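J.: would you be able to build a 3D model of this:
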Amino acid sequence: DILVDGKVCDCDAVVTCQVGDPVPLQVKLTNWSKHSVGPFALTMMPYQDYQNGVHNYDLQDAITFVGSNTFYIDTVKPTKDSVYFGALLFLYTGDFYLNIKFHEDNCSRELPLSWLCLPSVHIRATEPMA
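T.: Predicted structure coming up:
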């Protein structure tokens, strides 16, 4: 589950926020398997989609994370949750997307390096209301 500014995010919806206001992010991982999973890392990467097949990930002048954009997860037991909190701060207006990936963080496992990607979250940063 992904929450942006306290609202559950649907991959078809656009979340609107204001430039200059921190936008709280929450990602909840639920283990529905019969076995414990982990360790792995959760990474959030913002980008702009130019709608021509090009994604711009070079946004250090437009977006900043409050805290880290990577969280390390040790183990999630069966039927249990692991919740991670962060925040984004938009410095300019525009349409941005958030790419969320879980990466295997254990060399002894044989899963691909990036084995689970959630649908991108669409966030529209607008001018602050006067």
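
J.: counting neighbours, what do you get for the residue nearest to residue 81 when sequence neighbours are not counted?
T.: With sequence-adjacent residues excluded and distances taken as CB to CB, 6 or more residues apart in numbering, residue 81 is closest to residue 30, at 5.1 Å. In this view, the C-beta of every residue, glycine as well, is placed from N, C-alpha and C. For residue 30, the neighbour count with other CB atoms under 10 Å is 12.

J.: which residues touch residue 30?
T.: For residue 30, the contact set (CB atoms under 8 Å, 6 or more residues apart in numbering) comprises 1, 76, 79, 80, 81.

J.: could you report the pLDDT at it?
T.: For residue 30, the pLDDT comes out at 84.

J.: how near is it to residue 37?
T.: Look at residue 30 and residue 37: by CB to CB, to the nearest Å, they are 10 Å apart.

J.: what sits in contact with each of these two?
T.: residue 76.

J.: and the closest residue to residue 38 other than its chain neighbours, what does it touch?
T.: Closest residue to residue 38 apart from its sequence neighbours, by CB to CB, 6+ apart: residue 75 at 4.0 Å. Contact analysis of residue 75 by CB under 8 Å, 6+ apart lists 36, 37, 38, 39.

J.: in the sheet, who's paired with residue 99?
T.: Beta-bridge partners recorded for residue 99 (DSSP bridges): residue 45.

J.: count the residues that sit near it.
T.: By other CB under 10 Å, 16 other residues sit near residue 99.

J.: could you check the pLDDT of it?
T.: 85.

J.: now the nearest residue to residue 2 once chain neighbours are set aside: phi and psi?
T.: Spatial nearest neighbour of residue 2, chain neighbours left out: residue 9 (4.3 Å); criterion: CB to CB, 6+ apart. Backbone torsions of residue 9, given as degrees, to the nearest 10, read phi -100, psi 130.

J.: OK, contacts around residue 9?
T.: Residues near residue 9 by CB under 8 Å, 6+ apart: 2, 3, 15, 121.
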